[in-house]
Every structure is written in C-alpha cells, then in structure tokens.
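Participant: Generate coordinates for the sequence data below:
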Amino acid sequence: MPDEPTRPYPVKLCTWREIPSNHPLSAPSQYDDFIVTHINHTLDAHYTGNFQMWHRWFIYTYETALREECGYKGYQPTPPIFNGDPYSLGGNGAWDPDLPASLITLPEGVTGDPFTLPRGVGGGYVTTGPFANLTVNLGPIADLPGLGVPKNPQADGLGYNPRRVKRDLGPAINKRYANYTTVFVTDLLSKPNITEYRLLLEGGFNNGGEIGPHGGGHYTINGDPGGDLWVSPADVAFYVHHGNMDRMWTLWQAIDPVNRTVLLDDGPYGHITWNNEPPSRLMTMDDVINIGWAGPPTTMREMMSTTSGPLCYFYK
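Facilitator: As a prediction, this is how the structure comes out:
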C-alpha cells in the first residue's frame, strides 16, 4: 500500500489502553495500530516473497516498543505461557462443548479449497491470567463458525467492535504441525533452499489441509482473534508464535549464512501477490517493507539477517 502513511516510532504499548491510536478512522488505541497494519497487509504479506521479512520487522518493532517505551527488560516468554498464572499469556478459553471443528476458508479471490481442523479443549472466553479481560477491538474478518462472533459489519474489519478474547487451545493441531515431534518442524532445517523451506513451513494449496508449522501455530491458539488470519495479532500469543517462526528461519539461515541471507524465494510464494495470484513479479532485495501505523518502513535487504543492518539479535 504505497500511499499508506507511516506513524511516528516507537509506539507506547505500556499504556495502549489510554493512548489514542494514530489511525484516523477506527483503531481505538496504539496497540490496535499493529492490528490495523496486519489487516491492511494480510494479502501482500502472506504467501508472498516478503512473508518472513515483513513479519521479522513487525515483531521486532513490537518488541522494541515494549523495551524503549515501557522499560520491559525481557524477551518473548517461553513455556508455560498458557497456564493462567500471573506471568503467563493467560489461560485457555473456557470449555465450550458445542464448538464445532474449525472450518478454514481462504480469502476471497484466492484459489484453494476450504478444509476443517480439529477443535481444541476450550473455545470460550479467557478467564485466567493477566489477559483475562483483554479486549479485541477490530474484526473479525474471517468466518469463525461456532464462536458466536459475527463478522465485523464494516467490510474492511476496521469498525470498532469490542469483545473479549476467546481461545481454543488443544493438542491435536499442535502435535500434528507445530512441535518438535512432528516431521513438519524437524524437517524444516534440512530443506536445501528457501522455496522448499517455505512450502513446508506454510503448507500448500488444495492439499487437504496440510497447513504446516506456521498455520499450525495459529490454529493451535485458534478462537477469536487467534483463528482470524487478518486480526490474529490482537491476541498477544501471536508475537510468541511468530517469534518462533523467525527463530526457525534464523537457525536455517545460520547453517549457510553466506548464501541464505541473500537468497530470495523464486517459487510460487516468492511474488508480490498471494501465491502469485494474479500473476506478478518476484520480490527483490530492494522492495520496501511497509508496516504502516506500527512503525517505519525498511527493505527486504535489511531484514535478511538478524545480526546486521538495523537488527542485532540471535536465538538460542
């Protein structure tokens, strides 16, 4: 979105409930600026050539704001993160016995068949931990059958629509796609090139719902907004999940840093449109990464390494 303005950097997440958004239309708070950005860039930052670089800059901007504006000294938390204690990301949603399996549909205009995924062991509101009363203000944009959350009446999902967080955490999707016991994760580091890496990470189309570790992490969280492709950053667990996505890519790059920090995807997910629909050019190292209301722009080149350019971090 070349005409999308950028906002002053950094945001003040520590007081996001009190500080108004910089978005002129609908976002109630500065935290919501991140959700607006993700909504606006869902179709050009997924299954496209900038997927990993865009999200690397997005989560880095978020964590930088936590440290520089809020005095946060730590990193993204590690397990147990969903046990509901005061230092967790809150617990699971309350058990909803009537919740059906998740029906996953692709965005309008994108080729692919809908498929179902098994439900978790929650489905209701998050009632424990520091985020028990967290409010989701935007969306939903995706269909979320069974959750009792109708789509946002505003077509772009940016209308003010406050509601409590729901989660449907459960073991089935996690064991299949998103932990180290599954071939989907253990095989990532053995992939010889970025195209094969991404096809495994993000899953293919028309493949019976083999969604890979990226989708696997999102649908392990599930619920509202976790199961909404557009609005998923409204659940703070989004940043933990994408931190691990960035970690896996960083470790893969470290196997051959000379070549893997300059290598762009030239496969079906390497273009500037989702799965190359409609047909478009491949991304280049000098393409701009725009995160709109969340922070300043950068380039693909600057996001290829976590230890050069504006970045300075690594994962254990």
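Participant: where in this protein is pLDDT low?
Facilitator: 1-28, 205-209 (pLDDT under 70).
Participant: Do a quick rundown of the strands in the stretch 201-316 of the chain.
Facilitator: Assigned by DSSP state E, counting those that start in this stretch, the strands in the stretch 201-316 of the chain fall at 288-289, 298-299.
Participant: Need the winner for burial among those strands.
Facilitator: Mean neighbours per residue, mean count of other CB atoms under 10 Å, is largest over those for strand 298-299, with a mean of 19. Backbone N, C-alpha and C define where each C-beta goes, glycine included.
Participant: Mind putting the strands of the stretch 201-316 of the chain into a markdown table with distance to I194?
Facilitator: Shown next, in a markdown table, are these (distance: least, CB to CB, whole Å):
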| stretch | distance to I194 |
| --- | --- |
| strand 288-289 | 17 |
| strand 298-299 | 17 |
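Participant: Among the ones you listed, which comes closest to V258?
Facilitator: Among the strands of the stretch 201-316 of the chain, strand 298-299 comes nearest to V258, with 19.8 Å by CB to CB.
Participant: Centre of the chain to that closest one, how far?
Facilitator: Relative to its chain's centre, strand 298-299 lies at 19 Å (CA atoms, centre = their mean, to the nearest Å).
Participant: which helices and strands sit right next to it?
Facilitator: strand 288-289 (3 or more CB pairs under 8 Å, 6 or more residues apart in numbering; DSSP states H and E).
Participant: Quick one: distance of the strand it packs on to the chain centre.
Facilitator: Averaging C-alpha positions (CA atoms, centre = their mean) puts strand 288-289 17 Å from its chain's average.
Participant: switch to numbering from 780
Facilitator: Understood, numbering begins at 780; the last thing we discussed is strand 1067-1068.
Participant: Neighbouring strands of it in the sheet, and parallel or not?
Facilitator: Partner strands and pairing direction for strand 1067-1068 (DSSP bridges) are strand 1077-1078 (antiparallel).
Participant: List the contacts of the residue lying closest to V1067 once chain neighbours are set aside.
Facilitator: Excluding its sequence neighbours, the residue lying closest to V1067 (CB to CB, 6 or more residues apart in numbering) is P1076, at 5.2 Å. For P1076, the contact set (CB atoms under 8 Å, 6 or more residues apart in numbering) comprises 785, 1067-1070.
Participant: Export those residues to CSV and append columns for distance to G872.
Facilitator: Output for the contacts of P1076, formatted as CSV (distance: CB to CB, whole Å):
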residue, distance to G872
T785, 35
V1067, 38
I1068, 33
N1069, 33
I1070, 29
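Participant: Closest to L948 out of these?
Facilitator: Closest to L948, out of all of these and judged by CB to CB, is I1070, at 27.8 Å.
Participant: Roughly how far does the closest one sit from R835?
Facilitator: With distances taken as CB to CB, to the nearest Å, I1070 is found 11 Å from R835.
Participant: T895 looks like it's in a strand, true?
Facilitator: Yes: using DSSP: H, G, I helix; E, B strand; the rest coil, the assignment for T895 is a strand.
Participant: what sits against it?
Facilitator: Per CB under 8 Å, 6+ apart, neighbours of T895: 880-883, 988.
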